[in-house]
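J.: Sequence first, predicted coordinates after that:
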Amino acid sequence: MSGGLVALLDDVAAIAKLAAASIDDIGAAAGKAGVKAVGVVVDDTAVTPRYVTGFTPERELPIIWRIARGSLRNKVVFILPAALLLSQFVPWIITPILMLGGAYLCYEGAEKLYEAVSGHHDTPDAGVATLSGPAHEEKMVAGAIRTDFILSAEIMAISLAEVTNEPFVSRALILVLVALLITALVYGVVALIVKTDDFGLKLTQSDSGAARSVGRGLVKGMPVVMAALSVIGTAAMLWVGGHILTGGLEEFGFGWPAHTLHDLALSAGHAVPAFAEGTVEWLVETLGSALVGILVGGLIVAVMQLRPRRANAH
C-alpha cells in the first residue's frame, strides 16, 4: 500500500513539474509574442488618453476602466476565436493578414510623419471633448473601443504569427495571456499618465516647497511625455510594419529585402568593436525596416491624398 502511495505521489510530482514547465513555456512564448507587438502597444498607449480629455477627474478612471473592458472583450471574445480558427484550418492566410496589418501600421506611421511635416492634422474628434455628460461619455467610450479593435487585431495577429507552431490549446492559452497582459499594461499606463497631472496639481498645493517643485515638474513634464510617446509610437509602427512586410515577402519567396537588410546589418556590425556589434546590427536592421515602412506607408498616404482630389475633379 505504501509503495503504491509513493508511486502515486511520484506521478503527481512528475505531472506537477510538467505543468510548471508548460506554464513557464507558455509565459515565455507570451512574452516573446507580446514584444513583437510593441509598436502597436505604444501607439495604443499614446492614442487612448485623448478619449478622456475634457472629463472631470472623478470620471477619468471609470472611463479608462470601461475602455479597458471593451479592449479585453475585443481581444478575447471577437478576435481570439477568429484567429485560432484561421490558424487551425487555413494557416496559410495568417501571413497575408499579418502583412495587411503591417501595411496598415506603415500607413499610420507615414500619415503621422506627413501631418508633422505638412502641418495638416486630420483630427475629427478635436474639440469634441468639451462636454462631460453621459451621452458624450458613451460616444467617447464607443469611439475608443472601435479604435482599439483595429489595434487589438494587429496585436493579436502579430502575436499569433509567433506561436503558429504551438499546439492548439497552448496557442489559445498564450494568446489569452498576451491579451490580458497587454490590456493591463496599456490601460495601466494610460491611467498613470492621465492621473499624473492631477497628482502634480495636488502637490503644487502642498506646504512643502520640494513637493510643490515636484508637482510643477509633473504638470509641465506630462505634455513632453505624451509627445515622446507619440514619436516613439510612430517610429515603432514604421519599424514593426516594415519588418512584418519584409518577413512576409520572404515567406512568399521574395527574400531579397530581408536578406539585404540582414547583410547590411552584419557588415555594419563587423565595422565596429565587438562590444557594440550586436547593438549596431540591431540598429541598422531596425532603421532599414523603418525605411521600408516609410516607403510603403508613404505610397499609401499618397494614394489616399490623391483620391479626394480625383473625386473633386469629377
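T.: Yes, it's here. Keep in mind the model is a prediction, meaning the values are calculated, not measured.
J.: Where does the prediction get shaky in the protein?
T.: 1-44, 46-47, 50, 120-132, 308-314 (pLDDT under 70).
J.: And the helices in it?
T.: Secondary structure of the chain, counting by DSSP state H: helices at 2-36, 38-47, 57-73, 80-89, 94-118, 134-162, 168-204, 209-251, 256-270, 274-313.
J.: what angle sits between the fifth one and helix 134-162?
T.: Helix 94-118 and helix 134-162 are oriented at 130 degrees to each other (axes from the mean of the first three to the mean of the last three CA atoms, to 10 degrees).
J.: now the third one
T.: For helix 57-73 against helix 134-162, the angle between stretch directions is 40 degrees (the same axes, to 10 degrees).
J.: contacting residues around helix 57-73?
T.: 48, 51-52, 55, 132, 137, 140-141, 144-145, 148, 152, 179-180, 183-184, 186-187, 190-191, 194-195, 198 (CB atoms under 8 Å, 6 or more residues apart in numbering). Yep, even glycine has a C-beta here, placed from its N, CA and C like the rest.
J.: and the helices of the chain as CSV, adding mean neighbour count?
T.: Shown next, in CSV, are the helices of the chain (neighbours: other CB atoms under 10 Å):
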stretch, mean neighbour count
helix 2-36, 12
helix 38-47, 24
helix 57-73, 17
helix 80-89, 15
helix 94-118, 20
helix 134-162, 20
helix 168-204, 18
helix 209-251, 18
helix 256-270, 16
helix 274-313, 15
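J.: how about the closest residue to residue 110 other than its chain neighbours, what does it touch?
T.: Once flanking residues are discounted, residue 110 sits nearest to residue 297: 2.8 Å by CB to CB, 6 or more residues apart in numbering. Applying CB under 8 Å, 6+ apart to residue 297 gives the contacts 103, 105-111, 113, 238, 241.
J.: Closest to residue 158 out of the residues you listed?
T.: residue 105 (9.2 Å; CB to CB).
J.: hmm, back to that, which of the contacts of residue 297 sit farthest apart?
T.: It's 103 and 113 that sit farthest apart of the contacts of residue 297, by CB to CB, at 15.5 Å.
J.: Roughly how far does residue 206 sit from residue 230?
T.: To residue 230, residue 206 is 31 Å away according to CB to CB, to the nearest Å.
J.: Pull the number of nearby residues for residue 91.
T.: As a burial measure, residue 91 scores 12 neighbours (other CB atoms under 10 Å).
J.: Let me know whether it touches residue 166 as I believe.
T.: No. At 11.9 Å, residue 91 does not count as touching residue 166 under the criterion of CB atoms under 8 Å.
J.: and residue 51, how far is that from residue 69?
T.: 14 Å.
J.: Please apply the same query to residue 86.
T.: 25 Å.
J.: same thing with residue 296?
T.: Computed as CB to CB, the residue 296 to residue 69 distance reads 34 Å.
J.: likewise residue 189?
T.: 17 Å.
J.: With residue 186 instead?
T.: For residue 186, the distance to residue 69 - CB to CB - is 13 Å.
J.: ditto for residue 227
T.: Separation of residue 227 from residue 69 (CB to CB): 29 Å.
J.: repeat for residue 268
T.: Counting by CB to CB, the gap from residue 268 to residue 69 is 46 Å.
J.: Residue 289: what's it in contact with?
T.: Contacts of residue 289 (CB under 8 Å, 6+ apart): 238-240, 242-243, 246, 261.
J.: at 6 Å instead, please
T.: Contact partners of residue 289, counting by CB atoms under 6 Å, 6 or more residues apart in numbering, are 239, 242-243.
J.: try residue 216
T.: residue 204.
J.: just residue 251 next, same as before
T.: residue 95.
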